[in-house]
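Q: Take this sequence and fold it.
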Amino acid sequence: MSKAEPSVNVEALKLVNELCADADRFGVAVKESKSGVTLVDAGLEAKGGLLAGKIVTEICMGGLGEARLFYAKYDSIELASISVFTDNPAIATLGSQFAGWHIKVGGYSAIGSGPARALSLKPKSIYETIGYKDKGDKAVLVLETSEEPPEEAIEHISKLCGVDPESLFLILVPTSSIAGFTQVSGRIVETGIHKLAKLGFDPKLVKYAHGYAPIMPVHPRYAEAMGRVNDAIMYGGVTCCHVEFDGGDERLKGLVEKAVSSVSEQYGRPFIEIFKEVGFDFYKIDPNLFAPAVLMINNVRTGRTFKAGRVNVPMLRKSIEE
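A: Presented below is the predicted three-dimensional model:
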């Protein structure tokens, strides 16, 4: 990490301190584990909420992005929505926000995202691609989980991050909670940039990025909740990237056309139907489906802008009604 690059853990910890200092307003509960780790419950037993989801989104982005809540009309459907903005897209999204750490210790399983990934290098290939590694002595990790992690899982996380337990901060957010729904929709820019990277585009060329996605009505069951949060991205999410690209606008145009969810053969059905069909195994789902509904790229070198995809309101409605 060069001197000019920020520490995502240092920046995110400022937001964690804000969250903990005003726990009642954010609807979270803060406690210390036996080993000294700070645990922030944002929806397990605590109320959580939209405001918690908003700040968790910003924590996931390593403090290098800003999230805003608003209300939007998608034709005949009116939904709460979240927009995100970042001037450090590669680090904020792939280097921090990406849900790339599958934590499995004993019978406990959770998906980790946020700044601590830059200490544990999960997965290492992403950090090699963007040329980033945080060297902070504090670690902040957001866990998508339905239960509090046991001490052995906490020890595992702190060890891989190279920090003492008292320097580890874990934010616990169930997928099937309002905070969970909010922070997943807040991943819309990360989804678009990750898709571009998978197609071979250098994410470091993305200089600024923003986007928005609807926050779907919450469902209490995990599978249905997972269906709705994915529908929000692939049928309602919009990503816009401003890039510095000298490889030719026609190539950029072709890339944009391949980077939206509608290119998938599984596109056109609620995610829950697809999820059930493959036995709830994410690895059997077409990777092309995990993409924004709409992608727009502005090449700041030439001034040209390319757009692909569309917001699919009938599918959003079907997702809500099922």
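Q: can we go C-alpha only for contacts and neighbour counts from here?
A: OK.
Q: What is the burial count for Gly106?
A: 9 (other Cα atoms under 10 Å).
Q: and the gap between it and Ile154?
A: 12 Å (Cα to Cα, to the nearest Å).
Q: gap between stretch 68-85 and the chain center?
A: 17 Å (Cα atoms, centre = their mean, to the nearest Å).
Q: To clarify, my last question referred to stretch 115-122.
A: On Cα atoms, centre = their mean, the centre of stretch 115-122 falls 15 Å from that of its chain.
Q: One more: stretch 106-118?
A: 13 Å.
Q: likewise stretch 310-319?
A: Worked out by Cα atoms, centre = their mean, stretch 310-319 lies 21 Å from the chain centre.
Q: Quick one: distance of stretch 273-289 to the chain centre.
A: That offset, for stretch 273-289, works out to 19 Å (Cα atoms, centre = their mean).
Q: Figure out the length between the terminal residues of it.
A: 13 Å.
Q: buried set for that stretch?
A: Using 16 or more other Cα atoms under 10 Å as the test for burial, stretch 273-289 gives 274-275, 285, 288-289.
Q: repeat for stretch 288-296
A: 288-296.
Q: cool, stretch 42-53 as well?
A: Here stretch 42-53 shows 42-44, 46-53 as buried, counting by 16+ other Cα under 10 Å.
Q: Next, format those as JSON lines and append pLDDT, distance to Pro165 and secondary structure.
A: Below are the buried residues of stretch 42-53 laid out as JSON lines (pLDDT from 0 to 100; distance: Cα to Cα, whole Å; DSSP: H, G, I helix; E, B strand; the rest coil):
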{"residue": "Ala42", "pLDDT": "98", "distance to Pro165": "20", "secondary structure": "coil"}
{"residue": "Gly43", "pLDDT": "97", "distance to Pro165": "22", "secondary structure": "coil"}
{"residue": "Leu44", "pLDDT": "97", "distance to Pro165": "21", "secondary structure": "coil"}
{"residue": "Ala46", "pLDDT": "98", "distance to Pro165": "23", "secondary structure": "coil"}
{"residue": "Lys47", "pLDDT": "97", "distance to Pro165": "26", "secondary structure": "coil"}
{"residue": "Gly48", "pLDDT": "97", "distance to Pro165": "24", "secondary structure": "coil"}
{"residue": "Gly49", "pLDDT": "97", "distance to Pro165": "27", "secondary structure": "coil"}
{"residue": "Leu50", "pLDDT": "98", "distance to Pro165": "29", "secondary structure": "helix"}
{"residue": "Leu51", "pLDDT": "98", "distance to Pro165": "27", "secondary structure": "helix"}
{"residue": "Ala52", "pLDDT": "98", "distance to Pro165": "24", "secondary structure": "helix"}
{"residue": "Gly53", "pLDDT": "98", "distance to Pro165": "25", "secondary structure": "helix"}
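Q: which one among the buried residues of stretch 288-296 gets closest to Leu316?
A: Distances from Leu316 to these, taken as Cα to Cα, are shortest for Ala293 (11.1 Å).
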